[in-house]
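> Okay, sequence plus prediction incoming.
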Amino acid sequence: MKKYRKQYLIIVVSLFLVACILCSCEIARRDIISSSDEPPVLSVDISTDEQSDEAVDDTLKITDISDYEELGLTSDDGRYLFIKAFIEGDTSALEDICGLISGTYDGYKAISIGDYSVFVKDYDVFFSFEITSSELDTLPVGKYTYIVEMDIAIYMRPIKREMPILTPTQTELMKYFTCGYYYEIVDYTTIDSSDKDRYLFGITGYILVTYDNITLEQMQDFALKIFGITDFYPGSNALLIDGVYTIAGYGGSLLGYEFLDETTEKDLTTITIQFYADLGKTIKSHIIEYKMTKNEDIWVFLSSDIIYKAKYKPYLICV
């Protein structure tokens, strides 16, 4: 049983590391002005030079998406469908393919695509294209090469994905996002009864990834100290073995975001995060400010406040 206990922990920790890479959370130190009616103009690191400096064997390459079969793709391949819709400017089809709310990709309607090519290396589908006009600061005029993913979800990402360097508070927030269904810090007593189990599921995951092999009493103590939850009882992702709880194997959650700023004053740490309405991080969502503090070497989640509310909520997918 101890062998399985370790395997379960490895699964969730591995997902956490994948989330680190997927989110590409780069810290951009800047001032956030909460009183503005418009979101701050934020630069997103999608340097075309960085994307193009990795040698890619493009022997199997097409310059007309209608020739997709030459790449070994099929008409129902999500990556082909994504590229086709992107080239044609069919935002409704893109939203359906990516599982997004209608209207999320409206910003793409102002994008004009010039030359493009699609090529395959091993199983990966690479999509190179030129944007000749755009109103999106996340996809400005320029040349791009992306990999179109079709594993957890369908989206495009830059070729290079480097593990970000995180502060201790950022690491704890990333674990919180990865382990559950919530991106905000909420008051448990105000959650609808239908959502309480989902919330406790995420809290259970966070506690057990952070403190494995603990008793029920220890879990309840952590839940009270970290999240202010009384009478806590673990969710279905807790595995009871020999009187102690460990994490059960489950996927977790992924979402797109970037850390913008972090400041600490008198033991109170404030972290500002830009969220995205798509995993490709091309459509900006809310900007949220988190408050955390440390008590007896334990990071305490105090609050979260939306300082800029976008039209579309952050896209969160549970796997």
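Received, thanks. Since we're looking at a predicted model, the values are computed, not measured.

> quick one, helices of the stretch 201-319 of the chain?
For the stretch 201-319 of the chain, the helices defined by DSSP state H, counting those that start in this stretch cover 216-227.

> which stretches of it aren't confidently modelled?
Of all residues in the stretch 201-319 of the chain, none has pLDDT under 70.

> Excluding sequence neighbours, find me the nearest residue to residue 177.
Spatial nearest neighbour of residue 177, excluding adjacent residues (Cβ to Cβ, 6 or more residues apart in numbering): residue 183 at 5.8 Å. Heads up, the C-betas are built off the backbone N, CA and C, glycines and all.

> My reading is that the one you found is in a helix; is that accurate?
No: judged by DSSP: H, G, I helix; E, B strand; the rest coil, residue 183 forms no part of a helix; its state is coil.

> Only the buried residues of the helix or strand encompassing residue 125, if you could.
Taking DSSP states H and E as the definition, residue 125 sits inside strand 124-133. Neighbour counts over strand 124-133 (16 or more other Cβ atoms under 10 Å) mark 125, 126, 127, 128, 129, 131 as buried.

> just to revisit the earlier point, dump the residue contacts of the residue nearest to residue 177.
Residue 183 is in contact with 177, 255, 257, 275, 288, 314, 316, counting by Cβ atoms under 8 Å, 6 or more residues apart in numbering.

> pLDDT at it, what is it?
pLDDT for residue 183: 93.

> cool, and the one 5 residues further on?
According to the predicted model, the pLDDT of residue 188 comes to 86.

> Spatially nearest residue to it (excluding sequence neighbours)?
Excluding its sequence neighbours, the residue lying closest to residue 188 (Cβ to Cβ, 6+ apart) is residue 229, at 5.0 Å.

> Compute the distance between the residue nearest to residue 177 and residue 107, please.
Distance, residue 183 to residue 107, by Cβ to Cβ, to the nearest Å: 21 Å.

> distance of residue 106 from residue 169?
From residue 106 to residue 169 the distance is 34 Å (Cβ to Cβ).

> For the chain, identify the residue most remote from the centre.
Ranked by distance from the centre of the chain (Cα atoms, centre = their mean), the top residue is residue 242, with 35.0 Å.

> Touching stretch 129-136 from outside, list them.
Here stretch 129-136 makes contact (Cβ under 8 Å, 6+ apart) with 86-87, 107-108, 110-117, 139-144, 282-283.

> picking up where we left off before, which one's more surrounded, residue 106 and residue 169?
Each of residue 106 and residue 169 has its neighbours counted (other Cβ atoms under 10 Å); residue 169 has more, 20 against 14.

> Tell me the buried residues in the strand or helix carrying the more buried one?
Assessed by DSSP H and E, residue 169 sits inside helix 168-179. Applying a neighbour-count criterion of 16+ other Cβ under 10 Å, one finds 169, 170, 172, 173, 174, 175, 176, 177, 178, 179 buried in helix 168-179.

> Is the fourth one in contact with residue 269, as I believe?
No: under the criterion of Cβ atoms under 8 Å, residue 173 lies out of contact with residue 269, with a separation of 10.2 Å.

> what residues are shared contacts of those two?
Listed as contacting both residue 173 and residue 269 by Cβ under 8 Å, 6+ apart are residue 292.

> residues touching the residue nearest to residue 188, list them.
Neighbour list for residue 229: 188, 200, 203, 223 [criterion: Cβ under 8 Å, 6+ apart].

> low-confidence ranges in the stretch 51-200 of the chain?
Applying pLDDT under 70 to the stretch 51-200 of the chain flags residues 51-59.

> Tell me where it has strands.
61-62, 112-121, 124-133, 142-150, 154-158 (DSSP state E, counting those that start in this stretch).

> Kindly reformat those as TSV containing distance to residue 70.
Output for these, formatted as TSV (distance: least, Cβ to Cβ, whole Å):
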stretch	distance to residue 70
strand 61-62	6
strand 112-121	9
strand 124-133	13
strand 142-150	16
strand 154-158	20
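
> Could you single out the most deeply buried of these?
strand 154-158 (a mean of 22; mean count of other Cβ atoms under 10 Å).

> next one: that strand to chain centre, how far?
Relative to the mean C-alpha coordinate of its chain, strand 154-158 is positioned 12 Å out (Cα atoms, centre = their mean, to the nearest Å).

> Parallel or antiparallel, list what pairs with that strand.
Applying DSSP bridges, strand 154-158 is found paired with strand 142-150 (antiparallel).

> How about residues contacting the partner strand?
46, 48, 51-52, 56, 77-79, 82-83, 124-131, 154-159, 279-280.

> ok, now stretch 60-69?
By Cβ under 8 Å, 6+ apart, stretch 60-69 touches 70-72, 75, 77, 80, 83-84, 87, 115-121.

> what are the bridge partners for residue 126, then?
For residue 126, the beta-bridge partners are residue 119, residue 147 (DSSP bridges).
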